[in-house]
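Enquirer: Pasting the sequence and the predicted coordinates here, then a few questions.
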Amino acid sequence: MNTSKDFAISLDKQDTLQPFREEFYITQDRIYLDGNSLGLLSTRSEKAVLAILDAWKMHAIDGWTDGDNPWFYLSEAIGEQFASLVGASPTELIATASTTTNLHQLVATFYNPSGKRTKILADELNFPSDIYALKSQLALKGYAWKENLIQVKSKDGHTLQTEDIMEAMTEEIALIILPSVLYRSGQVLDIEAITKAARDRDIPIGFDLCHSIGAIPHSLSEWGVDFAFWCTYKHLNGGPGSVAGLYVNEQHLGIAPGLAGWFSSRKEKQFDMEHDFTPADTAGAYQIGTPHLLSLAPLIGSLEIFSEAGIMNIREKSLRLTDYLMALFDAELGDYGFQIASPREHASRGGHVYITHSHAASICKALKANGIIPDFRSPNGIRLAPVALYNTFEEVWQTVQVLKQIMTEEQYKKFENTRGVIA
Ligand SMILES: *Cc1c(COP(=O)(O)O)cnc(C)c1O
């Protein structure tokens, strides 16, 4: 392992994605490694937001049909841009609502308990919002979550085993919801194998792609995934609260969504204003009300960057960045009580590295005091996300050097080992 700074710089020189870094607002003297929580602003996204404001200024009500990006069709247009990122066709995709709202919409549509099949299968490591949504959906249908929410257990507290997930797919399971990448350890689940097992048992299955979209490629249609949903403010750099996305396999299109609204309509019928509605025959049917145009706009710019950079190139660089980070950790930080809890093998590793330490919260605060932005995840995890579009190998090198200094000088002891309100 070459631990020299020159080596890091030489890796950056060979990096073909390097020009994209110029498009992002990078603060001087700060190393941002939190793009898996909130991606950075690009000048293209900024311009797209200003352009939407201009369209409002110029066109007022006619902005729905006039201008460069007519608002009435923008959710569908952005949906098409997700196609290469998730491996689906344009009609299976729509930009709408938020992650959690989309999960509610999809469960309201695909959870159809009957007879002995009443249970929802999830896992014990998923992000809490997903679990809250599932519990409330069970309650709405009159089922107690204690008996009807089955959460696959983790053997090591960080990862899930494909066999354990498959074993839990019993005849009582009516729906399966799993993350593609676990938000703490960054483990990538074997979506293809898990989907096949679910389909063999006729159980509808959906995935939460919040931590994988924009970081790793997917082939949702080919794998036969029934539905998926994701946010756009993490790896996709859409900005805080940017509009989310969803996918519904074409075999399910044409049915009415669980939660309907006038934007679920076929577009040419929507303004007929009839009280019997005609659902769109695309994933557009899963919209409910008027799209949040100002939060959709940044995606026009950011998804353009993804289509130019190419998700395969992004994945390739992301793996090299996280490989390099872990190798430096092994070489430089072996003696300080850190554990790398992310899977090492490429097929199971997402876009970030998860490191545990008994003083994780205070170490994160010390990193921030040194201009390095990680994120802390309760109870004892540090997430570091070197992002392919804007982070460099030199920044990864620098991070490990600073961390080594924090540990040798015991700088972290100056900070309380507790999380902030937003950690
Ligand atoms: C970030 C994240 C969410 C957030 O949900 P919002 O509705 O966008 O607030 C949900 N689930 C997972 C797995 C996430 O990583």
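Expert: Happy to help now that I have it. Numbering: from 1, shown residues only.

Enquirer: residues near residue 366, how many?
Expert: 23 (other Cβ atoms under 10 Å). For glycine as for every other residue, the C-beta is placed from the backbone atoms N, C-alpha and C.

Enquirer: what number of residues lie near residue 322?
Expert: What residue 322 shows, counting by other Cβ under 10 Å, is a neighbour count of 25.

Enquirer: Which strands or helices does the helix ranked longest in the chain pack on?
Expert: Longest helix in the chain, counting residues (DSSP state H): helix 311-332. The contact analysis (3 or more Cβ pairs under 8 Å, 6 or more residues apart in numbering; DSSP states H and E) places helix 311-332 against helix 5-13, strand 339-340, strand 353-356, helix 393-408.

Enquirer: Nearest to residue 52, out of the ones you listed?
Expert: With Cβ to Cβ, the closest approach to residue 52 among the helices and strands packed on helix 311-332 belongs to helix 393-408: 32.2 Å.

Enquirer: got a list of contacts for that closest one?
Expert: Counting contacts by Cβ atoms under 8 Å, 6 or more residues apart in numbering, the residues outside helix 393-408 that touch it are 3, 5, 7-9, 11-12, 15, 31, 33, 321, 324-325, 328-329, 332-333, 336, 363, 366-367, 370, 372, 384, 386, 411-412.

Enquirer: Can you give the distance from it to the centre of its chain?
Expert: In terms of Cα atoms, centre = their mean, to the nearest Å, the centre of helix 393-408 is set 27 Å apart from its chain centre.

Enquirer: Could you tell me the angle between it and helix 311-332?
Expert: 30 degrees (axes from the mean of the first three to the mean of the last three Cα atoms, to 10 degrees).

Enquirer: and the longest strand seen in the chain, does that touch the ligand?
Expert: Ranked by residue count under DSSP state E, the longest strand found in the chain is strand 173-179. Yes. Legend: contact between strand 173-179 and the ligand by Cβ under 6 Å from any ligand atom is shown at residue 179.

Enquirer: In its sheet, which strands sit next to that strand, and in what direction?
Expert: strand 119-123 (parallel), strand 205-208 (parallel) (DSSP bridges).

Enquirer: downstream neighbour of the first one in the secondary structure list?
Expert: Proceeding N to C from strand 119-123, the next assigned helix or strand is helix 128-140, under DSSP states H and E.

Enquirer: near the ligand, which residues of the stretch 101-250 of the chain show up?
Expert: Going by Cβ under 6 Å from any ligand atom, the residues of the stretch 101-250 of the chain near the ligand are 127, 129-130, 179, 183, 208, 210-211, 231.

Enquirer: Closest one of these to residue 62?
Expert: residue 231 (30.9 Å).

Enquirer: for the nearest residue to the closest one once chain neighbours are set aside, what are its contacts?
Expert: In space, residue 231 comes closest to residue 99 once its chain neighbours are excluded; the distance is 4.4 Å by Cβ to Cβ, 6 or more residues apart in numbering. When contacts are counted by Cβ under 8 Å, 6+ apart, residue 99 touches 129, 208, 210, 229-231, 244.

Enquirer: Surely residue 79 is in contact with residue 245?
Expert: Yes. Using Cβ atoms under 8 Å as the test, residue 79 is close enough to residue 245 to be in contact (6.9 Å).

Enquirer: quick one, which of these two is more surrounded?
Expert: Of the pair residue 79 and residue 245, residue 245 is the one with more neighbours under other Cβ under 10 Å, namely 30 against 24.

Enquirer: my read: the more buried one touches residue 230, true?
Expert: Yes. Shown here, residue 245 and residue 230 form a contact pair, counting by Cβ under 8 Å, at 5.3 Å.
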